[in-house]
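Q: give me the fold of what follows.
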Amino acid sequence: MLRSRISAALRSQTAGALIFLCALTVLLTWPQARYLGSRVADHGDPLLSMWRLEWLVNGAPGDARPLFDANIFYPHARTLAYSDATLLQGALAAPWLLADANPVLVYNLLLLGGIAASGFGMFVLVRQLTGSADAALVSAAIFTLAPYRVEHFMHLELQWTVWMPLTLWAVHRVFEKGSMRSGALAGLFLALQVLSSMYYGAFLGIIVAVLVLALAVAEPERVRRSIAPLALAAVMAGIVSVVYARPYAENAKELGVRDLGDVGRFSARLSSYVVAPLQNWLWGWTSNRAAFEGNELHLFAGLVVVILAGVALARARGRLTWIYLAVTAVAAALSLGLNGPVYRWLYDHVWVFGAFRAPARFAILVYCGLAVLAGIGFAWLQQAVPAVQGRRVLFVAVLAAVGIEFGSLPMYLRDVPTSVPDVYKFVKTLDPAVMIELPEPLSPWYVYWSTRHWHRLVNGFSGYVPPDYEETVAIMRDFPSDDAIARLRGLDVKYVLVHESFYSNKAYTAMMLDVLRRPELIPHGRYRDWVGWTQLLELDRAPASALNRLR
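A: Numbers count the residues shown, from 1 in each chain. Here you go, the predicted model:
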């Protein structure tokens, strides 16, 4: 009877936590929930993410090419591996996209679902560590509402952090029980983090190693029985990582590592942790200070979180407090990138870190550690209050303080059309060929709309840009010059789409007059695109004379 009551209480806590965290996610990302099927963050990356999901589901299965040889940046191979491939998100999206569901809706549900699920993962971890559902919910709210999520609202893969606290939870279970099942769960969760985000998988692997070392020092009597389960976890995650990393490793050989200048630009500074995103209600003004400028460097930790973590360090000085202080400190040191002493060694000696541009993204693991410390601190405070009513007041007050401090202004959104424009309806009827769309060769819109025809594109939009592609971009500015035509022939381009709306009237008129003088460019009509009109041209491989063309 007692066991059934405990089980019922846990189920009730779990259901309540899920509902609460979904509500927090809606509030954090407002008004995204009002436009699930029509709007995304005002940035190019959501369009890229929708293309990745569609390629994994609808593009690759019908193509003879390998999965990672996507249709962008032709003729380069493994172009899906120019950014996180989001294989797990693609698997989750598959049933819906195969049923022709609205891709914008699918994307937004995955985005918001990743945020809410991350908070729930933290709830599971901290409830296990403290035994307090209230403390777990405080930690979950912190991990859900972290300003870091606002900073990366446009990045689907960077919101999928549910596997971080679940991996840490499984590692704790390994040391508590010494069971192979716990080891298998730790390996599974770490592998799922790799498949959700290559960045986070590598980062989490380091933090797991730190946690294992800290637990081994703190609990030496449990080390022997933990070795086999931990080895199983390492093998499981290692196999997935090695297989998944192969196309990334091959790209690194071909394209090289990230430029040190880029890595330095996206390395956090200590001051980054006192700078909030512009949208933050209370602290957004800090982002406008010249000394704190920088993309991805608004990593405000929050006064409430720091105070609760301080309580843990000052009063709840158990093993867990010191362990998570070490975890948080290591993550913070690594987030400093080239501004700290450790990351440069990883950049030089571990190839996967040479492929990462933004060490500042280690900050999510700083939040993970701080959320645990804050939960420990809150649990101590709540126990220090003798009256039940007082504990409830404290619980509500802390949640309200976290919500107010982490509250943000409405997210900046833009409409994404889902009705297929006429030009792409027609292009879909053409035999498979290589295309280029002009101008703005790096526009994410061309990548997004390629999901409606799947022709190979010279265009692309991703984390990496091949060096020769930049040459193509420069040459295409003079289209249809001799050099531009020669470049297109060298790339096996058959169709050229010229979007009128992205040119000035003068530039467009001059270019089309030049097009009429080129016998190798055959007009195939003028069609509506998503913003205006597009000219479709065919590049004739064996150009006819001007006289024959007129006939």
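
Q: now do the strands in this protein.
A: 39-41, 413-415, 434-438, 456-457, 493-499, 521-528, 533-539 (DSSP state E).

Q: sheet partners, orientation included, of the last one?
A: Which is strand 533-539. Strand 533-539 has the following strand partners under DSSP bridges: strand 493-499 (antiparallel), strand 521-528 (antiparallel).

Q: closest to the centroid, which residue in the chain?
A: Against the mean C-alpha coordinate of the chain, by Cα atoms, centre = their mean, the closest residue is residue 157 at 2.4 Å.

Q: who's in contact with the residue nearest to residue 183 when sequence neighbours are not counted?
A: Of all residues not flanking residue 183 in the chain, residue 229 sits nearest, at 2.7 Å (Cβ to Cβ, 6 or more residues apart in numbering). Backbone N, C-alpha and C define where each C-beta goes, glycine included. Going by Cβ atoms under 8 Å, 6 or more residues apart in numbering, residue 229 touches 174, 178, 179, 180, 182, 183, 184, 186.

Q: wait, which of those residues is closest to residue 21?
A: residue 186 (23.1 Å; Cβ to Cβ).

Q: tell me how many other residues surround the closest one.
A: 28 (other Cβ atoms under 10 Å).

Q: deepest of the strands paired with strand 533-539, which one?
A: Most buried of the strands paired with strand 533-539, by mean neighbour count (mean count of other Cβ atoms under 10 Å): strand 493-499, with a mean of 22.

Q: buried ones in the longest helix along the chain, by neighbour count?
A: Counting by DSSP state H, the longest helix found in the chain is helix 223-255. If you call a residue buried by 16 or more other Cβ atoms under 10 Å, then helix 223-255 has these buried ones: 226, 229-230, 232-234, 236-237, 240-241, 244-245, 247-248, 251-252, 255.

Q: what of stretch 427-447?
A: 427, 434-439, 441, 443-447.

Q: wait, the residue nearest to the centre of the chain touches residue 199, no?
A: Yes. Counting by Cβ atoms under 8 Å, residue 157 does reach residue 199; the two are 7.4 Å apart.

Q: tell me how far the longest helix of the chain is from the chain's mean position?
A: Mean-position distance between helix 223-255 and its chain equals 20 Å (Cα atoms, centre = their mean, to the nearest Å).

Q: cool, and stretch 132-145?
A: 23 Å.

Q: can you check stretch 172-190 too?
A: Counting by Cα atoms, centre = their mean, stretch 172-190 comes out at 26 Å from the chain centroid.

Q: who touches it?
A: With Cβ under 8 Å, 6+ apart as the test, stretch 172-190 has contacts from 125, 128-129, 163, 166-167, 170-171, 201, 204-205, 208, 215, 219, 222, 225-226, 228-237.

Q: show the average pLDDT along it.
A: Taken as a whole, stretch 172-190 has an average pLDDT of 97.

Q: buried residues in it?
A: In stretch 172-190, the ones that count as buried by 16+ other Cβ under 10 Å are 172-175, 178, 182-190.

Q: and which of the residues you listed is nearest to residue 382?
A: Closest to residue 382 out of the buried residues of stretch 172-190 is residue 172 (21.3 Å), distances taken as Cβ to Cβ.

Q: any idea how far that closest one is from residue 214?
A: Residue 172 sits 11 Å away from residue 214, going by Cβ to Cβ, to the nearest Å.

Q: lowest pLDDT pick from the buried residues of stretch 427-447?
A: residue 441 (74).
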